[in-house]
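Enquirer: quick one, structure for this:
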Amino acid sequence: MRSWARFCSCAAALSILHSTACRAGAFLQKPGEGIVIVSTSFADAHKAYDSRGKLVAAPSYAKFETQAYVEYGLIDELTFVAESSYMRFRGSDGSRQLEQLQFLTAEALAGAPLYLPPGVGGGARYEGLGAGWLGGRLRLLEWGATVLSVQASLRAATPAAQTYLDMKHRLQEDVRLQLGWPLELLGISGFGEAQLGFRSTGQSGDELRGEMTFGLRPIDGVLLLAQSFIAVSPWSGSAPFMSSQKAQLSAVCDVTNEVAVQLGVRAALRGVNDSAERGLLGALWYRF
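Expert: Below is the predicted model:
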């Protein structure tokens, strides 16, 4: 099981670069207004990128996660942001018989009664609270419809959940500079948003993070999103160097003025010492 824990630490460390289905990015909420996004995602991986960035066979896993994300405008220049999550992780049990045999052999050598507890050789398992965080987004500059803001947050997780998250310690600091601007493509209105961030104490050390989002509204009530998420740990020290790039495509459709639904897919494009994860997501948005 220790080998499984080490694998999960590396393979799942960057598996979710952007846990919420979609956030408002650089843009702020108006005072007294906000949004709640409840999202659910399912992802699995049967391969991983090795230390040279090549795709190789690796122990498989499946992951189910639900997040509740909130934004609320406190004043014109400041928006409160928070998230909580619940996750279920199931690792492959391909080595079940070998692990059970090793356990029984150790009992026999110790002269203890032969007893096989439930779960031995069942692969890595976790179900419970995931990462949660609190923070704020502050507007720095605004010219026309273009906005430059900074967001800072504090993340936390239980010790049991850390193995399956990109967290070496129970607490992490996350700071990012965000730029949002309007755009138009072939007469279709939309927006672009870019982020450059720093996150402390990931599984391979402090991380630099970059995100790009492009959104287009081809018709009223429909928003198409294309997103890219990059993470790299340049100061890995004794831990394995890790990098990851993942992409996500989704559509957000208004049901009413306040309610919208989102469906999408995500997949790893490349990486180093990272899982080749792919998955589906769905979300319910409520604007208030």
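Enquirer: what about stretch 126-134, distance to the chain center?
Expert: How far stretch 126-134 lies from its chain's middle: 11 Å, per CA atoms, centre = their mean, to the nearest Å.
Enquirer: repeat that for stretch 26-41.
Expert: 17 Å.
Enquirer: next one: stretch 249-269 to chain centre, how far?
Expert: Worked out by CA atoms, centre = their mean, stretch 249-269 lies 16 Å from the chain centre.
Enquirer: wait, stretch 201-212
Expert: 11 Å.
Enquirer: and for stretch 280-288?
Expert: 16 Å.
Enquirer: all helices of the stretch 1-150 of the chain, in order?
Expert: 2-11, 96-109 (DSSP state H, counting those that start in this stretch).
Enquirer: so how many other residues sit close to Arg125?
Expert: Other residues near Arg125 come to 14 when the count uses other CB atoms under 10 Å. Bear in mind the C-beta positions are built from the backbone N, C-alpha and C, glycine included.
Enquirer: confidence-wise, which of the helices of the stretch 1-150 of the chain is weakest overall?
Expert: Note on those: lowest mean pLDDT is at helix 2-11, with a mean of 38.
Enquirer: what about Leu249, helix or strand, and which?
Expert: Secondary structure from DSSP states H and E places Leu249 in strand 243-254.
Enquirer: list the helices and strands that strand packs on?
Expert: The helices and strands touching strand 243-254, judged by 3 or more CB pairs under 8 Å, 6 or more residues apart in numbering; DSSP states H and E, are strand 222-232, strand 259-272, strand 278-287.
Enquirer: any chance of those in a markdown table with mean pLDDT and mean neighbour count as columns?
Expert: Formatted as a markdown table, the helices and strands packed on strand 243-254 follow (pLDDT from 0 to 100; neighbours: other CB atoms under 10 Å):
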| stretch | mean pLDDT | mean neighbour count |
| --- | --- | --- |
| strand 222-232 | 96 | 19 |
| strand 259-272 | 96 | 17 |
| strand 278-287 | 96 | 18 |
